[in-house]
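Engineer: pasting the structure only:
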């Protein structure tokens, strides 16, 4: 599903934003099914006023998730599909850290079980920021204004699914209208589709 990455998770700068809910939505979007979903939340764009706390809470949530065989125990995350994909995920994570990203959580594995991973402070050239990971990896980037958030969001060949979290849904809709994408969710994460809406993306995503 290389053409279906580029899903973006935006947290508005409103001080009224419920960070616990925002972090919960972000974790679900990035880690559900070990991130092996075309609509997985690959990038979290977070207002700079909330950024450090968001990263801290997301890393705490990632560290608290149990990973293992779902047939043998009650776990939050199961296995990656195969060793080749696991190694691709790990290479993207380690190359991203080498390129300057901060490893806030995860980045390790046992057999096919990859820990949910949080990468903070990436530059635009960091591999996990630029490429589809297709694994349980959340890349978190700060923004300072709506204009900067839009610039970051559109700086990708992909556009499949977008989630905007905000205390002001009308402002969220206005922001979403500025970001080309196949589907938008206001105050929800990106892993959703609707039975009454055609599914597909823009750019290199979906049917283009």
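Structural biologist: Happy to help now that I have it. Keep in mind that this is a model prediction, so the values were computed, not measured.
Engineer: can you give me the strands in this structure?
Structural biologist: Using DSSP state E, the strands found in the chain span residues 8-11, 43-47, 102-105, 109-110, 113-114, 117-120, 137-143, 158-159, 161-165, 183-186, 202-203.
Engineer: nearest to residue 96, of those?
Structural biologist: Across the strands of the chain, residue 96 has its closest neighbour in strand 117-120 (5.6 Å, Cβ to Cβ). No exception for glycine: its C-beta is placed from N, CA and C like everyone else's.
Engineer: for the closest one, packing partners?
Structural biologist: Contacts defined by 3 or more Cβ pairs under 8 Å, 6 or more residues apart in numbering; DSSP states H and E place strand 117-120 against helix 51-64, helix 83-98, strand 102-105, strand 137-143.
Engineer: mind doing that once more with 6 Å?
Structural biologist: On a contact count with 3 or more Cβ pairs under 6 Å, 6 or more residues apart in numbering; DSSP states H and E, strand 117-120 meets helix 51-64, strand 102-105, strand 137-143.
Engineer: residue farthest from the centroid of this structure?
Structural biologist: Relative to the mean C-alpha coordinate of the chain, counting by Cα atoms, centre = their mean, the farthest residue is residue 72 (28.0 Å).
Engineer: state the distance from that one to residue 113.
Structural biologist: For residue 72, the distance to residue 113 (Cβ to Cβ, to the nearest Å) stands at 11 Å.
Engineer: equivalent analysis for residue 105, please.
Structural biologist: From residue 105 to residue 113 the distance is 15 Å (Cβ to Cβ).
Engineer: more crowded one of those two?
Structural biologist: residue 105 (22 against 18; other Cβ atoms under 10 Å).
Engineer: so who does the more buried one touch?
Structural biologist: 59, 62-63, 118 (Cβ atoms under 6 Å, 6 or more residues apart in numbering).
Engineer: mind putting those residues in TSV, pLDDT and distance to residue 34 included?
Structural biologist: As requested, the contacts of residue 105 are exported to TSV (pLDDT from 0 to 100; distance: Cβ to Cβ, whole Å):
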residue	pLDDT	distance to residue 34
59	98	18
62	98	12
63	98	16
118	98	15
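Engineer: per-residue pLDDT, the nearest residue to residue 183 once chain neighbours are set aside?
Structural biologist: Excluding the flanking residues, the one nearest residue 183 by Cβ to Cβ, 6 or more residues apart in numbering is residue 161, at 5.1 Å. Reading off the confidence values, residue 161 has pLDDT 91.
Engineer: residues near residue 161, how many?
Structural biologist: 31.
Engineer: now do the one 10 residues further on
Structural biologist: By other Cβ under 10 Å, 15 other residues sit near residue 171.
Engineer: how near is residue 122 to residue 201?
Structural biologist: 22 Å.
Engineer: and these two? which has more neighbours close in?
Structural biologist: Neighbours per residue, other Cβ under 10 Å: of residue 122 and residue 201, the larger number sits with residue 201, 24 against 21.
Engineer: got a pLDDT number for the residue lying closest to residue 115 once chain neighbours are set aside?
Structural biologist: Counting by Cβ to Cβ, 6+ apart, residue 115 lies nearest to residue 106, which is 3.9 Å off, once chain neighbours are set aside. At residue 106, the model reports a pLDDT of 98.
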